[in-house]
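In: here's a sequence, model it:
(chains A and B, ligands or ions: 1)
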Amino acid sequence: MKILVCISHVPDTTSKINFADNDTKFDTNGVQFVINPNDEFGLTRAMWFKEKQGANVTVVNVGGPETEPTLRKALAIGADAAIRVNTDAKDGFQVAKELANIVNEGGYDLVIAGRESIDYNGGMVPGMIAALTNANFVTNCISLEVDGINATAMREIDGGKETVSTSLPLVIGGQKGLVEESDLRIPNMRGIMMARQKPLSVVEPTNASTETSTVKFEKPAPKGAVTLVDADNVDELINLLHNEAKAI
Amino acid sequence: MSVLVYTESEQGKFKKTAFEAASYAKAVANQMGTTVTAVAINANDTSELGTYGVDKVLNITNGDLKAFNANAYASSIEQAAKQENATVVIVSSSADSKYLAPILAIGLNAGFASNVVEAPSNTSPFTVKRTAFTNKAFNMTTIDTAVKVVGVSKNAFGLVESNGSATTEEFSPSIPASGVKVESVDRATDKVTIADAEIVVSAGRGLKGPENWGMIEELADVLGAATACSKPVSDLGWRPHSEHVGQTGKPVASNLYIAIGISGAIQHLAGINASKVKVVINTDPEAPFFKAADYGIVGDAFEVVPTLIEKLKAFKAQNA
Ligand SMILES: Cc1cc2nc3c(=O)[nH]c(=O)nc-3n(C[C@H](O)[C@H](O)[C@H](O)COP(=O)(O)OP(=O)(O)OC[C@H]3O[C@@H](n4cnc5c(N)ncnc54)[C@H](O)[C@@H]3O)c2cc1C
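Out: Residues are numbered from 1 along each chain as shown, chains lettered A, B, ... in the order given. A predicted model of the protein is given here:
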């Protein structure tokens, strides 16, 4: 089985978010970048397939040279090869088209992406890859088994979960649950050394078009101070929630 | 030219997200000087949609669409959009709508903006405000294609009634064969879900152990709320993963979010920032949650929560 894991290079979850160039660009100054958490679950599941069922795992990112440490980290965790599509994509559609091109060229059986990236939160890339490559698609995926060309997946729905059967080629949008949190891997020294020898190929983009453009970014208006209520005066909290906030 | 809206229903009844999406569609249609057409799938009574600004309903009744299927639903909406010459297609932000939207966008050659929180500031260029960086910022985006797909965030635009009425036409799209088959659905039927709840009662590691969740459930019960938790609580197995809210868990956009024994780490706050009113109960006056909350009590959950339950019961009885 040939697996492609899409890796989004995102600001660490504790990052303070700031903007530059008249609020038109994300300010990367002082920001630590990591593998998108939803993709990390997918990468770990791909490692399981590799170790238990025999699979070849390639990781891919659409981005500039600055994303290579993130791809190297994925190689250190155990992926066999990495591809970087050398472009600074401007929207989710452009990312999806570049990735669909990689999928078509490489003939992957299973494409694992995260349900959404925690920076732009578009949630569109996995579904668009599936639509562009005519593959089956399951998102919010919280478990995945593959037997030959048949797959069983579970996905989270509003208020529960659903089990589906499908077949390869398949694209999933993964999330927490796909593997246990405790199974996530930290690269060890041997992995880091081996990662240096593994191929990281840089592919020029197809120059896919964009469909949306960012005009500017804004930060939420600063919040007013909290209204504190004495612990012995719970009635006052109920009063405020009812009469002031109109929330109960 | 028209605005098309997909109005979700469950067991024949429209969901609140359907009325929100319809309200949003009406606002867009007003700005563009056009009408709103809704697509409804296996809904019992489509007339309700008129209340939220829908002029015409394309009603699909089809046994093959009984269980949700992203490809089949996206294809049906795509066919409706093409028939109506729709230039803007509105969907909600439920798990199902987020599933079908990218497929629909590809089918219509349409640009797609998700997590949109306001009516367009301009319709030419078509400019919307969407959340990004997990609610830590907004992204003003233009959709540059002829046809546009917009995903509206839950609880962001709200319900807007208008005094119109909707006509209904039967619509029979062709349903493509699907490669994904639903085998079983496991729904927590008797509980309010985090996605649909107006009120969410959430608790963190401050509760010390799973045995103490009785009072959290009771509080949720009194308020008709859903229960949620912080990440370590689900990692420790005290509560199911489906209750974990935050940046890496579920987003919450309720009217009221009550956080009990939760510190308010940045990753937790990212997931609940979209909630309107936030209440924190925490022993530590320095807990970061107090900076994010509207109302707070510095106090021990084991004393405050039982009192709150008693007082709320009395309040409910009085206001029933
Ligand atoms: C990559 C990454 C992603 C993450 N994603 C998420 C996420 O999506 N969601 C999330 O929640 N976290 C997430 N986290 C974890 C986050 O950083 C915090 O560790 C977590 O939110 C803390 O949970 P907590 O507040 O329940 O526990 P703690 O930090 O242990 O805080 C417990 C709080 O309870 C209070 N308390 C103790 N006893 C009482 C009492 N008797 N009565 C009242 N209050 C009491 C304490 O004062 C304290 O403030 C993530 C972390 C990482 C690294």
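In: is it true that residue B:47 lies in a helix?
Out: Yes. Counting by DSSP: H, G, I helix; E, B strand; the rest coil, residue B:47 is located in a helix.
In: contacting residues around the residue nearest to it when sequence neighbours are not counted?
Out: Using Cβ to Cβ, 6 or more residues apart in numbering or on different chains and skipping the chain neighbours, the partner closest in space to residue B:47 is residue B:166 (6.2 Å). C-beta here means a position set from N, CA and C on the backbone, and glycine is covered the same way. Neighbour list for residue B:166: B:38, B:46-47, B:49-50, B:54-57 [criterion: Cβ atoms under 8 Å, 6 or more residues apart in numbering or on different chains].
In: who does the longest strand along chain A pair up with?
Out: For chain A, the strand that runs over the most residues, judged by DSSP state E, is strand A:136-147. Here strand A:136-147 is paired, per DSSP bridges, with strand A:150-157 (antiparallel), strand A:170-174 (parallel).
In: what average pLDDT does that strand get?
Out: For strand A:136-147, mean pLDDT rounds to 98.
In: residue 128: which element?
Out: Chain wasn't specified; assuming chain A. Using DSSP states H and E, the element containing residue A:128 is helix A:125-133.
In: the intended chain is chain B.
Out: In this structure, residue B:128 is located in strand B:126-132 according to DSSP H and E.
In: what's the following helix or strand after that strand?
Out: The helix or strand immediately downstream of strand B:126-132 is strand B:137-143, counting by DSSP H and E.
In: show me what that next one is in contact with.
Out: With contact meaning Cβ under 8 Å, 6+ apart, strand B:137-143 is reached by A:17, A:19, A:120, A:211-220, B:110-113, B:117, B:121, B:125-132, B:149-150.
In: how big is the angle separating it from strand B:126-132?
Out: Following axes from the mean of the first three to the mean of the last three Cα atoms, to 10 degrees, one obtains 150 degrees for the angle between strand B:137-143 and strand B:126-132.
In: can you list the strands that strand B:137-143 pairs with?
Out: By DSSP bridges, strand B:137-143 pairs with strand A:212-218 (antiparallel), strand B:126-132 (antiparallel).
In: of those, flag the one that's most buried.
Out: strand B:126-132 (a mean of 22; mean count of other Cβ atoms under 10 Å in any protein chain shown).
In: contact residues of the stretch 101-250 of chain B facing the ligand?
Out: With Cβ under 6 Å from any ligand atom as the criterion, the stretch 101-250 of chain B comes near the ligand at residues B:204-206, B:230-233, B:246-249.
In: which of those ranks first by neighbour count?
Out: residue B:230 (29 neighbours; other Cβ atoms under 10 Å in any protein chain shown).
In: returning to what we had before: buried stuff in the longest strand of chain A?
Out: Buried positions in strand A:136-147, judged by neighbour count with 16 or more other Cβ atoms under 10 Å in any protein chain shown: A:136-142, A:144, A:146.
In: distance to the ligand added to those residues, as a markdown table?
Out: What follows is the buried residues of strand A:136-147, written out as a markdown table (distance: Cβ to the nearest ligand atom, whole Å):
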| residue | distance to the ligand |
| --- | --- |
| A:136 | 29 |
| A:137 | 25 |
| A:138 | 22 |
| A:139 | 18 |
| A:140 | 15 |
| A:141 | 18 |
| A:142 | 15 |
| A:144 | 21 |
| A:146 | 27 |
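In: thanks a lot, see you next time.
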